[in-house]
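A.B. asks: What follows is a predicted protein model with its sequence.
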Amino acid sequence: MEETKKRKSKSKKIILIVGISIFSFVVINIVGLLIACPLIYNSIFIHYDEPDYNIVPGLINYEDIKDIYTRKDITFSSNKNRLQGHLYEANTNENGLVIFAHGMGSGSDTYLSHELYLLNSGFNIFTFDFTGTYKSEGNTVIGFPEATIDMGNAIDFVNSNYSNLTKNGLFLMGHSWGAYAATTILNIKNNIKGVVSLSGANSAEEVVLDKAQKYVGILADMSSPFVYSYQESLFSKFAKYSSVNGLNNSKTACFIVQGENDYTFKTNKVSTYSHKNEITSSKVKYKLINGEYSGHTSLLYSDNANIYRNEVDNMLNDLESNYEGEILYNKKKELCNNIDDKLYSEVNSELMLDIVKFLKGA
């Protein structure tokens, strides 16, 4: 009898120890995840400095074309930050104004060739750098939903100060992060005539989980509830906005463009295009670009431009493999001085013709 009692007592102790161990393990992991979430999040959404254009190949520099295309430099407020914007006025004011939004890691001037194409097609153009990017204020970009907030403030600024340029319609167009902003803002803005989404994402939740999976693998799935909560604490309702809901709740016409070989926001995951079966709006049309140059960014440029871009990238890689320091810098500068900027930035004219046709018919 005494031996049986001892065995039972020992079993209870083992169960208690195992229970305490499991509880401690869970608590430690939860605390660890709570600490890690802001660190993971902030490591994803950093500040983007304007590049040294001496060693960036092929981008059209506005300083080189300012005698042909005049623009007005403008700043406006978004939350506590002043954002840098640029306004280009068309020769005629027949087609309204397009707000063009850039992708993460880029700036407004990255897409100058596309903006000028629209300008030459008769549209007024307003571009700006998002929070924490290039010439705009902000210690970091904060997070994906910040683009939606910035877009909303850009719309309010344009409507308040340049209503004469938007009387024939206000349009939104963006690439990647900018496309996400252009579609998610439709959750709260209903005065938009048309939207063009180029390689856009559906929601911030999907983006942050996808990015976290690339950083920390399976831990991303374990930490996702904490990451979502942290994101919501930063952005409140904006963290929940999706492109699908924006499009379904809006009467705005939208042209969604997706590349078959987009590995940033894939055709079956994260992208707005991947949710097309959930989009009920009859005013949404789609274009899936196929072929070798149907990537996240390559779809924006002509085949000749993409071939040339690859050649230039290979030359830059060779330089980086063989030189370093000041010598590398000077070699890159010499190479970039001899780049054919016009060819490097040549737009996908078929796509741009479709976009202009869509905007004029919206």
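C.D. replies: Now that the structure is in, tell me what you want to look at. Numbering: from 1, shown residues only.

A.B. asks: which residues of the stretch 201-350 of the chain fall in helices?
C.D. replies: With DSSP state H, counting those that start in this stretch as the criterion, the stretch 201-350 of the chain has helices at 204-216, 219-235, 243-248, 303-322, 325-337, 341-344, 349-361.

A.B. asks: right, and the ones you listed - which one's nearest Ile65?
C.D. replies: helix 341-344 (9.9 Å; C-beta to C-beta). Quick note: C-beta positions are derived from backbone N, CA and C, even for glycine.

A.B. asks: show me the contacts for His47.
C.D. replies: Gly132, Thr133, Gly138, Asn139, Thr140, Val141 (C-beta atoms under 8 Å, 6 or more residues apart in numbering).

A.B. asks: repeat that for 10 Å
C.D. replies: Thr131, Gly132, Thr133, Tyr134, Gly138, Asn139, Thr140, Val141, Ile142 (C-beta atoms under 10 Å, 6 or more residues apart in numbering).

A.B. asks: count of residues packed around Pro51?
C.D. replies: 14 (other C-beta atoms under 10 Å).

A.B. asks: And the residue nearest the centre of the protein?
C.D. replies: Centroid check for the chain by C-alpha atoms, centre = their mean gives Trp177 as the closest residue, at 1.3 Å.

A.B. asks: quick one on the thing from earlier: between the contacts of His47, which is nearest Lys276?
C.D. replies: For the contacts of His47, the nearest to Lys276 is Val141 (27.5 Å; C-beta to C-beta).

A.B. asks: Got phi/psi on Thr252?
C.D. replies: Torsion angles at Thr252 (phi, psi; degrees, to the nearest 10) stand at phi -80, psi 140.

A.B. asks: how about it, what does it touch?
C.D. replies: 171-172, 182-183, 185-186, 189-195, 246, 281, 283-284, 362.

A.B. asks: Identify each buried residue in the strand or helix carrying Ser77, please.
C.D. replies: Here Ser77 sits within strand 72-78, counting by DSSP states H and E. Neighbour-count burial for strand 72-78 flags Ile74, Phe76, Ser78 (criterion: 16 or more other C-beta atoms under 10 Å).

A.B. asks: Setting the sequence-adjacent residues aside, check what's closest to Gly291.
C.D. replies: The shortest distance from Gly291 to any residue other than its chain neighbours is 7.4 Å, reached at Glu260 (C-beta to C-beta, 6 or more residues apart in numbering).

A.B. asks: Now do the contacts for the one you found.
C.D. replies: Lys266, Thr267, Leu288, Ile289, Asn290, Gly291, Glu292, Ser294, Gly295, Leu299.

A.B. asks: Please report the distance of it from Gly174.
C.D. replies: Plainly put, Glu260 is 20 Å away from Gly174 if you go by C-beta to C-beta, to the nearest Å.

A.B. asks: Can you turn the buried part of the contacts of His47 into a PyMOL selection?
C.D. replies: The PyMOL command for the buried members of these (criterion: 16+ other C-beta under 10 Å) is given here:
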select buried, resi 131+132+133+134+138+141+142
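
A.B. asks: so can I have TSV of the contacts of His47 showing secondary structure?
C.D. replies: Listed next are these as TSV, based on DSSP: H, G, I helix; E, B strand; the rest coil:
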residue	secondary structure
Thr131	coil
Gly132	coil
Thr133	strand
Tyr134	coil
Gly138	coil
Asn139	coil
Thr140	coil
Val141	coil
Ile142	coil
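
A.B. asks: In the contacts of His47, find the pair that's most separated.
C.D. replies: Greatest spatial distance among the contacts of His47 (C-beta to C-beta): Tyr134 and Ile142, at 15.0 Å.

A.B. asks: how many neighbours does Asn120 have?
C.D. replies: 12.

A.B. asks: Ser274 now?
C.D. replies: 18.

A.B. asks: just checking, it touches Ser242?
C.D. replies: No. Using C-beta atoms under 10 Å, Ser274 is not in contact with Ser242, being 11.8 Å away.

A.B. asks: anything in contact with each of those two?
C.D. replies: With C-beta under 10 Å, 6+ apart, Ser274 and Ser242 have common neighbours Ala201, Asn202, Glu206.
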